[in-house]
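Chemist: structure for this input, please:
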Amino acid sequence: MGAAKQSEFNVVVVGAGPSGLVLALLLAKQGIPVTVLEKSDEYDKQPRASFYSAPAIYELQRAGVMDEVYARAFHANGVSWRHIDGTLIANIYAEDAPEEDRMVSLPLDELIPLIASHLEKQPGAQILLEHEVLASGQDEHQAWVDVKTPDGERRFSATYIVGCDGGSSKIRRDLFGKSFPGHTWDQQVVATNVYYPGLAKYGWKLSSNFLVSSEHFPMVAQISNDGMLRVTYGEDGNLTREEMLARQPEKYKAFLPGKPEPHEYQIVNFSPYKIHQRLAEKLRVGRFLLAADAAHLCNPYGGMGLTGGFADVGGLYDCLYGIYAGRADDSILDKYDVVRREKYRDVIDPISSSNLRRLWDLEAIEQDQFFQMARRMETDKAFAREMQGGMRAVMHDFTQYYEPLPSGV
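Modeler: Here you go, the predicted structure:
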């Protein structure tokens, strides 16, 4: 594959979600021209993941936005696991983690515009909404996408094109058709944002709570400083949105403390979606690359999807910058493909799957190694500190593959 001169090097990112925008910002801050193409006319406002653990925080720091995130974010105080009646099983306290590993929460509909505002200030960077990829191709010298724009069809060419365009990625489908190996869970989940001031009143002292229930498997967590909660729960995979919406009040009564009636809370968002465990066949095909949900999917319990997505784009940035700066040849992108798929298979998929199954299996609580470790963490603070750094396992340092700088540089 022909190498691009630094003056000709540019990147197109398809998808203006959090991972795509972070990748674009990291590249733009190094002077690399980057264009973000987003088919929607606005940024995503659905109630998706909002908690950022150590790998995400690391990339947001490198992108230069973490100070603002910290200033706006809700700082979680820990996680509880409970029986469906609210009885406590185990706690993990945020204060036991190293300060740099403590989770913070900022809903994506606040984070995405924040990252975009920084990217818009970078020379050579642009975000183009209402730009839908229709087709794609490549040769030895460049890759391209044909795009429907408000002003007609247009071709965008780049040294590399990165698909960060979500679970239904057009870039991945162009590369592999319908193939997206893995499975879809029989259950689906409903993610809601809601104001309900009942948690502390009923003794739920930690800000995030998982409840063991094969029927509901809820997650209840405060995600903003004004008290907004993310309440996610399981539903029958065959129900329609209308059927799930009709069942929502009874669902809340089944697991929220105080068994509230609808007039006692205010729902802001209601978003059902299927949950999957899937990994693309390859994350690199020539000049096309995949990252985040376009590359792999997992269920939302534990935040491994968002965490893995940020780890993807952080690693991909290091690879692309290494090529741009002459510190690596394009074979480093083959390492990206191999390593990031290994991280999914060895870390993201098994941990996220266990996080979900753990909420279904009431009988296995006493034997579950995770709960045994969580109980030990409550009294063994050194062990707690060690364990809470575990999310860093999704990360990988691709700069180790750079060529060494000449002596004296």
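Chemist: could you point out the helix or strand that follows the one helix or strand V162 maps to?
Modeler: In the assignment (DSSP states H and E), V162 maps to strand 160-163. The helix or strand immediately downstream of strand 160-163 is helix 170-176, counting by DSSP H and E.
Chemist: elements contacting that next one?
Modeler: On a contact count with 3 or more Cβ pairs under 8 Å, 6 or more residues apart in numbering; DSSP states H and E, helix 170-176 meets strand 132-138, strand 160-163, strand 288-290. C-beta coordinates here come from the backbone N, C-alpha and C atoms, glycine included.
Chemist: and the last one, what does it pack onto?
Modeler: Helices and strands touching strand 288-290, by 3+ Cβ pairs under 8 Å, 6+ apart, are strand 160-163, helix 170-176.
Chemist: just name the most buried of those.
Modeler: Compared across these, strand 160-163 shows the largest average neighbour count, a mean of 29 (mean count of other Cβ atoms under 10 Å).
Chemist: mean confidence (pLDDT) on it, please.
Modeler: Mean per-residue pLDDT for strand 160-163: 98.
Chemist: with just CA atoms, put it into CSV.
Modeler: Extracted in CSV, the C-alpha atoms of strand 160-163 (Å, rounded to 0.1, in the frame of the first residue of the first chain):
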residue,chain,number,x,y,z
TYR,A,160,-7.7,6.5,5.9
ILE,A,161,-11.4,6.3,6.7
VAL,A,162,-12.6,5.2,10.1
GLY,A,163,-16.1,3.8,10.7
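Chemist: which other residues reach that strand?
Modeler: 11-15, 20, 23, 136, 138, 143-145, 169-172, 287-291, 294-295, 316, 320 (Cβ atoms under 8 Å, 6 or more residues apart in numbering).
Chemist: run the last query once more with 7 Å
Modeler: Contact partners of strand 160-163, identified using Cβ atoms under 7 Å, 6 or more residues apart in numbering, comprise 11-15, 23, 143, 145, 169, 171-172, 287-291, 294, 316, 320.
Chemist: right, and the helices and strands packed on strand 288-290 - which one's nearest G86?
Modeler: Nearest of the helices and strands packed on strand 288-290 to G86, taken as Cβ to Cβ: helix 170-176 at 41.6 Å.
Chemist: which helix or strand lies directly C-terminal to the closest one?
Modeler: strand 182-195.
Chemist: one step back: would you mind putting the helices and strands packed on strand 288-290 into JSON lines with distance to V69 alongside?
Modeler: Below are the helices and strands packed on strand 288-290 laid out as JSON lines (distance: least, Cβ to Cβ, whole Å):
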{"stretch": "strand 160-163", "distance to V69": "23"}
{"stretch": "helix 170-176", "distance to V69": "28"}
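Chemist: these: which one's closest to G152?
Modeler: When the helices and strands packed on strand 288-290 are compared by Cβ to Cβ, helix 170-176 sits nearest G152, at 18.7 Å.
Chemist: how far off centre is that closest one?
Modeler: 20 Å (Cα atoms, centre = their mean, to the nearest Å).
Chemist: what's that helix in contact with?
Modeler: V14, V133, S136, G163, D165, F180, A280, E281, V285, F288, L290, A294.
Chemist: rerun that using 6 Å as the cut-off
Modeler: Residues outside helix 170-176 that contact it (Cβ atoms under 6 Å, 6 or more residues apart in numbering): V14, V133, S136, G163, D165, A280, E281, V285, L290, A294.
Chemist: of all these, which two lie farthest apart?
Modeler: V133 and E281 (19.5 Å).
Chemist: neighbour count: those two, which is higher?
Modeler: Neighbour count, other Cβ atoms under 10 Å: between V133 and E281, V133 has more, with 22 against 14.
Chemist: the helices and strands packed on helix 170-176 into TSV, with extra columns for distance to R241?
Modeler: What follows is the helices and strands packed on helix 170-176, written out as TSV (distance: least, Cβ to Cβ, whole Å):
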stretch	distance to R241
strand 132-138	24
strand 160-163	27
strand 288-290	29
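Chemist: returning to what we had before: M395: which of the helices and strands packed on strand 288-290 is closest?
Modeler: Proximity to M395 (Cβ to Cβ) singles out strand 160-163 among the helices and strands packed on strand 288-290, at 18.6 Å.
Chemist: and that closest one, how far out from the chain middle?
Modeler: Centre to centre, stretch against its chain (Cα atoms, centre = their mean), the figure for strand 160-163 is 18 Å.
Chemist: thinking again about what came up before, partner strands of the strand holding V162, with direction?
Modeler: If you go by DSSP bridges, strand 160-163 pairs up with strand 11-14 (parallel), strand 288-290 (parallel).
Chemist: tell me which of the ones you listed lies nearest to R327.
Modeler: When those are compared by Cβ to Cβ, strand 11-14 sits nearest R327, at 16.5 Å.
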